[in-house]
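Colleague: Sequence and predicted structure, then a few things I'm wondering about:
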Amino acid sequence: MDYGYPKEYTIGGLTVSGCVTRDPNAVKLFSGLKVGDKITIPGEQIGKAIRAIWDQRLFTDVRIEEAEIRGATIFLNIIVTENPQLASYGLLKHGDAQRRRQAPRGDQHAARAAGERGGEGQCGPGRAPLLP
């Protein structure tokens, strides 16, 4: 594919890779891309689709790659990396090991949310921030 010369393609198929707990069909829906849509590559549609998925704040990485081209038909693969999920955590009151508060299972542990909160939760390499 020569990115110096934009070309129009028809989307012949969409696949999603990297979903562990998320529904791949939901990722397709978030992207706004559908089989049969006409897209230009390079063009704005792919960037808009990536931003639309990214805006859900469920993934740490989003890519859309060409899987195959057959004439004027393109098959795309949406590749995502899910945010880690926090299974549980407990807080101990100073000097009182009997009191514990548990977070609900499955809460998102969004590392980038820590950066959006004015630097709270910034840790050194290999350490995950704790988000209340």
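Modeller: Yes, it's here.
Colleague: And the helices in the chain?
Modeller: Taking DSSP state H to define them, one finds helices in the chain at 24-31, 44-54, 111-116.
Colleague: quick one: average confidence on stretch 89-109?
Modeller: Per-residue pLDDT over stretch 89-109 has a mean of 56.
Colleague: cool, stretch 32-39 as well?
Modeller: On average, stretch 32-39 scores 95.
Colleague: Likewise for stretch 59-66?
Modeller: Across stretch 59-66, the average pLDDT comes to 93.
Colleague: Mind listing what's buried along that stretch?
Modeller: Within stretch 59-66, the residues scored as buried using 16 or more other C-beta atoms under 10 Å are 59, 62, 64. C-beta: built from backbone N, CA, C; applies to glycine.
Colleague: Could you pull up the contacting residues of the last one?
Modeller: Read that as Ile64. By C-beta atoms under 8 Å, 6 or more residues apart in numbering, the contact set of Ile64 is 31, 46, 49-50, 76-79.
Colleague: try 7 Å
Modeller: Residues near Ile64 by C-beta atoms under 7 Å, 6 or more residues apart in numbering: 46, 49-50, 76, 78.
Colleague: what's the most distant pair in those?
Modeller: Spanning the widest gap among those are Ile50 and Leu76, at 11.3 Å by C-beta to C-beta.
Colleague: Serialize the buried residues of stretch 59-66 to CSV and add fields for distance to Thr10.
Modeller: Shown next, in CSV, are those (distance: C-beta to C-beta, whole Å):
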residue, distance to Thr10
Phe59, 27
Val62, 23
Ile64, 16
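Colleague: Which one of these is nearest to Gly18?
Modeller: For these, the nearest to Gly18 is Phe59 (8.1 Å; C-beta to C-beta).
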